[in-house]
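# predicted coordinates and the sequence they were generated for:
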Amino acid sequence: MSGGWLAIDAVTTTWTHTLARVEITKPWPKQPLPSLSLDIAGEVVGAFACPAAVRVAVHDGPRLRQPAVCSTDAFGQCHLQLGAVISVVDLPAHFTVTVEIETSDGGLHPVCQIRGRRRPRLAPAQIRLNPLMVVSLGRSGSTWLMHALNQHPALVCDPTYPFEERHGQLNAKAATAAMRSGAYRRMGRSLAATEELYQANAAVTDKRAVQFFIEKAPCSLAVLQRMERWYGAGKVIVLVRDFRDVLASVFAFNAKRGSLDFGRDTVASDADYVAYLARQADALVTLSASLGARAITVRYEALMTTPEAALNQICAALEMAPFADWAATAGPEAASLMHFHRTSPSVDDSMGRWRRDLDPELQALATAALGPALAAFGYEERG
């Protein structure tokens, strides 16, 4: 892909609707494209009625529907013009684009298919830091994990407790909007803002070899794909906890604060909340499966019982040096920091708490509803 943002591997005509001549003038196969968009142009000429629309669809990407632009020549043949522009930021690393016509009766007929590759990392070369996203359900230990990871010399996060700031994700979203509109300088400024902020945070603690900025991220494949397109296919930490303990912890947290947080305010009863939490847990399973080898699965239980080993598992996956005597440095500070955040007297009490905190009816309901997600992450149903 040297010299271009995109490389077109094949352009294949797939028209079978009627006898017609199909000519695709853009893009040409086997050529790198230096522009920041995929331009599609061509013409279909034949004895067919002018279609209602032309559809252009990116597999795992946007779908465009445009009114058909047609003319009829002296011989009664229809001349259908094809044209579409897709921003490079809306294309997966390996993409397939299909072009179809939509007839007046709603039928779809293929015109052509375009296969190609996008440059794996769209961010400018001067952007050195890569994102490390942490995805979890609430009350799974993500705040503790963020603080712990921030002690590593190669990692940095926004130090504001409880580490919910998402500067990189917001700037990536702004950069994506700028790229789509052709505002390339604004795109560069958005990404540079993330770099400058985290490098400044690193300088405060004299970190001189930072590689990753860490942020909590929602359980959203779209958000992670956006980060992947700008920064490349990096690792994502999927932090899990026995979902029944998550349920018990949410109830305890809300009771302690006198609130209805973590989505409890969206349902009428605790039983309804079990179903709500099961949907979130199932979404986390789906996301983890979609990430494949990119996912670093970390258990809350391992973080709490053998923190240094669990943290060094992450370091190994990121090909970084392990923590140097983490327990003697960050351990006491982490314990102090989490005093306000915790809802159980001790680490041991936080594991298996659902057996003590939930009544038998909720226990049974939670085990049934959360069973598939528990099994997917290797938890025993009996806990």
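Yes, it's here.
# any idea which residue sits dead centre in this protein?
Nearest to the mean C-alpha position of the chain, by C-alpha atoms, centre = their mean, lies residue 224 at 1.6 Å.
# need the helix or strand of the chain with the lowest average pLDDT.
Least confident helix or strand of the chain, by mean pLDDT, DSSP states H and E, is helix 326-337 with a mean of 60.
# low pLDDT regions in the stretch 1-150 of the chain?
1-3 (pLDDT under 70).
# mind listing what residue 48 touches?
When contacts are counted by C-beta atoms under 8 Å, 6 or more residues apart in numbering, residue 48 is found next to 17, 18, 20, 78. Quick note: C-beta positions are derived from backbone N, CA and C, even for glycine.
# rerun at 10 Å
15, 17, 18, 19, 20, 70, 77, 78, 80, 101, 103, 109 (C-beta atoms under 10 Å, 6 or more residues apart in numbering).
# then residue 103?
Neighbouring residues of residue 103 by C-beta under 10 Å, 6+ apart: 17, 48, 49, 50, 51, 52, 53, 68, 109.
# which of those residues sits closest to residue 365?
residue 53 (48.1 Å; C-beta to C-beta).
# partner residues bridging that closest one?
Per DSSP bridges, the residues bridged to residue 53 are residue 67, residue 102.
# go ahead and confirm it touches residue 101.
Yes. Contact criterion C-beta atoms under 10 Å: residue 53 and residue 101 qualify, at 7.4 Å.
# more neighbours, those two?
A direct count of neighbours by other C-beta atoms under 10 Å for residue 53 and residue 101 places residue 101 higher, at 22 against 15.
# neighbours of the residue nearest to the more buried one when sequence neighbours are not counted, just the number please.
Distance criterion C-beta to C-beta, 6 or more residues apart in numbering; nearest residue to residue 101, sequence neighbours excluded, is residue 51 at 4.0 Å. The number of residues packed near residue 51 is 23, by other C-beta under 10 Å.
# do the same with residue 236
21.
# next, the closest residue to it other than its chain neighbours: secondary structure please.
The shortest distance from residue 236 to any non-neighbouring residue, by C-beta to C-beta, 6+ apart, is to residue 133 (4.8 Å). When classified by DSSP: H, G, I helix; E, B strand; the rest coil, residue 133 comes out as strand.
# and for residue 53 and residue 101, which residues touch both?
In contact with both residue 53 and residue 101: 68, 108, using C-beta under 10 Å, 6+ apart.
# the stretch 251-383 of the chain: helices as residue ranges?
270-291, 300-305, 307-317, 326-337, 347-350, 354-357, 360-376 (DSSP state H, counting those that start in this stretch).
# if you average pLDDT over each of these, which is lowest?
The minimum mean pLDDT among those belongs to helix 326-337 (a mean of 60).
# residue 35: which element?
Using DSSP states H and E, residue 35 is not contained in any helix or strand.
# show me what contacts it?
4, 5, 6, 27, 85, 88.
# thought residue 82 was touching residue 13?
No. Assessed by C-beta under 10 Å, residue 82 is found out of contact with residue 13, at 11.5 Å.
# now stretch 7-25, how far from the chain's geometric center?
33 Å (C-alpha atoms, centre = their mean, to the nearest Å).
# ignore what I typed, I meant stretch 50-69.
The answer for stretch 50-69 is 26 Å, by C-alpha atoms, centre = their mean.
# CA atoms only: put it into CSV for me.
The C-alpha trace of stretch 50-69 is given here as CSV (Å, rounded to 0.1, in the frame of the first residue of the first chain):
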residue,chain,number,x,y,z
CYS,A,50,-34.6,3.7,-14.7
PRO,A,51,-34.3,2.3,-11.1
ALA,A,52,-35.6,4.1,-8.1
ALA,A,53,-32.2,4.4,-6.3
VAL,A,54,-28.6,3.2,-6.2
ARG,A,55,-27.4,1.5,-3.0
VAL,A,56,-23.8,1.4,-1.9
ALA,A,57,-23.0,-0.7,1.1
VAL,A,58,-19.8,-1.2,3.0
HIS,A,59,-19.6,-4.6,4.8
ASP,A,60,-19.5,-3.7,8.5
GLY,A,61,-19.7,-0.1,7.6
PRO,A,62,-22.1,2.6,6.3
ARG,A,63,-24.9,2.1,3.8
LEU,A,64,-25.8,4.8,1.3
ARG,A,65,-29.0,5.2,-0.7
GLN,A,66,-29.0,7.7,-3.5
PRO,A,67,-31.6,8.7,-6.1
ALA,A,68,-30.8,7.1,-9.5
VAL,A,69,-29.4,9.5,-12.1
